[in-house]
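Participant: Fold the stuff below for me.
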Amino acid sequence: MPVSRSLPEPGHGRFRPLLLRLAPGLLTAAAAVGAAFLVHGLLPALPAMTLAVVLGVLAANLPGAAGWTEGRARPGLDFAGKHLMRAGIVLLGLKVSVMDVLGLGWLSLLLIVAVVAASFGGTYAISRLFRLPPVTSLLVATGFSICGASAIGAMAAVRRIRHAETVLPVALVTLCGTLAIGVLPLVAHPLGLTAAVFGAWTGASVHDVGQVVATAQTAGTAALAIAVVVKLTRVLLLAPVAAMAGAHHRRAARSVGAAEGSTAKMPPVVPLFVVGFVAMVALRSTGWLPGGWLEAGATLQDILLGAALFGLGSAVRIRSLLHTGGQALLAALASWFLIAALGLGAAFLIAG
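Facilitator: Residues are numbered from 1 along each chain as shown. Okay, the predicted model is just below:
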């Protein structure tokens, strides 16, 4: 009688080595995210996402830890920086309600769109003026004008930009967003800003959602309320900007393919994770999801983005940044000043 043997599960032999290769980096990212949330709980003024990037940079540059992040942990950290970033962007849509955005009024919406468009174009022009490469300039402009590292990750995916090229833009947008947390509250009183105007200014000019919250809450709940709505309106623009970038990239790829006689597969006009983001916005806007589900989604989104940002931060080598990032830093500071000025003008019109 033949001896029966259990057959291996389909794909088991392929996925197990992959998981073993990714596990060190993913576990490292999970520990770092836990540490970032712990510090944020003790010091609420420090956003957890900013802390995740800082911890990544420290891990990449401290003796001992640097060897780990560059060695066994690297595959998992790169996976987090790319794939967990996309999953976090999808869940970011659960924070955006179309009803809240429309509640600002059409004039405010047009002003916010104008600020984003002017910030994008101005930042790209400044970056090119400082002789940054076109790819870096595009990513910096996207991150500064829309929603920080999340927007950089989205644009990189749409344009099929290499993961390594997102490291410098993420470092710059994190640095300038952190700078805003300290600078904007200091100048609010000399400028004579009301809480509403300060909140609108913060939402219109600060890069990351967590940085907006950390900055606006210094002026109270009224400032925080309008800041979050204005900021999430900018976040909502991620979808059309990504779609336009995808369409442009597809046309360029088709032209190159036609010229070279290539039959390579064309990139999608709108990547699946951007579709997921729009779907989550639509789901949130229906009002069907109870508060508990929204809170759970927000927590998971923070965990995913925190792990992604730690992964990106762990690729930043300070020595290389000092040698190659001087021009980029000057461009980022000039862009930060431009966006702050544009946002302040819009804030007076929105809430003045």
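
Participant: Now do the same contact list for the closest residue to Q327 other than its chain neighbours.
Facilitator: Leaving aside its sequence neighbours, Q327 sits nearest to F130 (C-beta to C-beta, 6 or more residues apart in numbering; 4.7 Å). Just so you know, the C-beta spots here come from the backbone N, C-alpha and C atoms, and that holds for glycine as well. Shown in contact with F130 (C-beta atoms under 8 Å, 6 or more residues apart in numbering): Q327, A328, L330, A331, A334.

Participant: can those residues go into TSV with extra columns for distance to L18?
Facilitator: TSV is the format used below for the contacts of F130 (distance: C-beta to C-beta, whole Å):
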residue	distance to L18
Q327	39
A328	34
L330	42
A331	39
A334	43
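
Participant: Just to be sure, which of the residues you listed are found in helices?
Facilitator: Among the contacts of F130, the members found in helices (DSSP state H) are Q327, A328, L330, A331, A334.

Participant: For PyMOL, write the select line for the buried members of those residues.
Facilitator: To isolate the buried ones among the ones in helices among the contacts of F130 in PyMOL, judged by 16 or more other C-beta atoms under 10 Å, type:
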select buried, resi 328+331+334
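
Participant: Look up phi and psi at the residue nearest to Q327.
Facilitator: Its backbone dihedrals place F130 at phi -90, psi 20, with angles given as degrees, to the nearest 10.

Participant: Then H207?
Facilitator: Torsion angles, degrees, to the nearest 10, at H207: phi -80, psi -60.

Participant: Would you mind measuring from it to V173?
Facilitator: From H207 across to V173, the span is 5 Å (C-beta to C-beta, to the nearest Å).

Participant: now swap in G182 and tell me
Facilitator: Applying C-beta to C-beta to G182 and V173 gives a distance of 16 Å.

Participant: for L300, same thing?
Facilitator: Distance, L300 to V173, by C-beta to C-beta: 23 Å.

Participant: cool, and K82?
Facilitator: Going from K82 to V173 by C-beta to C-beta gives 17 Å.

Participant: now swap in W201 and tell me
Facilitator: W201 is 18 Å from V173, by C-beta to C-beta.

Participant: Those two: who's more crowded?
Facilitator: Set side by side, W201 and V173 show more neighbours around W201, with 31 against 28, by other C-beta atoms under 10 Å.

Participant: can you tell me how far A114 sits from S150?
Facilitator: With the distance defined as C-beta to C-beta, A114 ends up 22 Å from S150.

Participant: okay, now the nearest residue to S150 once chain neighbours are set aside: neighbour count?
Facilitator: In space, and not counting its chain neighbours, S150 is closest to I89: 5.4 Å by C-beta to C-beta, 6+ apart. I89: 29 surrounding residues under other C-beta under 10 Å.

Participant: residue contacts, I89?
Facilitator: When contacts are counted by C-beta under 8 Å, 6+ apart, I89 touches S150, G153, A154, L238, F273, V274, G276, F277, L305.

Participant: Return the closest of those residues with respect to E165.
Facilitator: Minimum distance to E165 across those is 11.7 Å, recorded for G153 (C-beta to C-beta).

Participant: The contacts of I89: which two are farthest apart?
Facilitator: Using C-beta to C-beta, the two most remote members of those are V274 and L305, lying 15.7 Å apart.

Participant: Comparing these two, which residue is more hemmed in?
Facilitator: Between V274 and L305, counted using other C-beta under 10 Å, L305 has the larger neighbour count: 29 against 26.

Participant: close enough to count as contact, that one and P47?
Facilitator: No - judged on C-beta atoms under 8 Å, L305 makes no contact with P47 at a distance of 10.9 Å.
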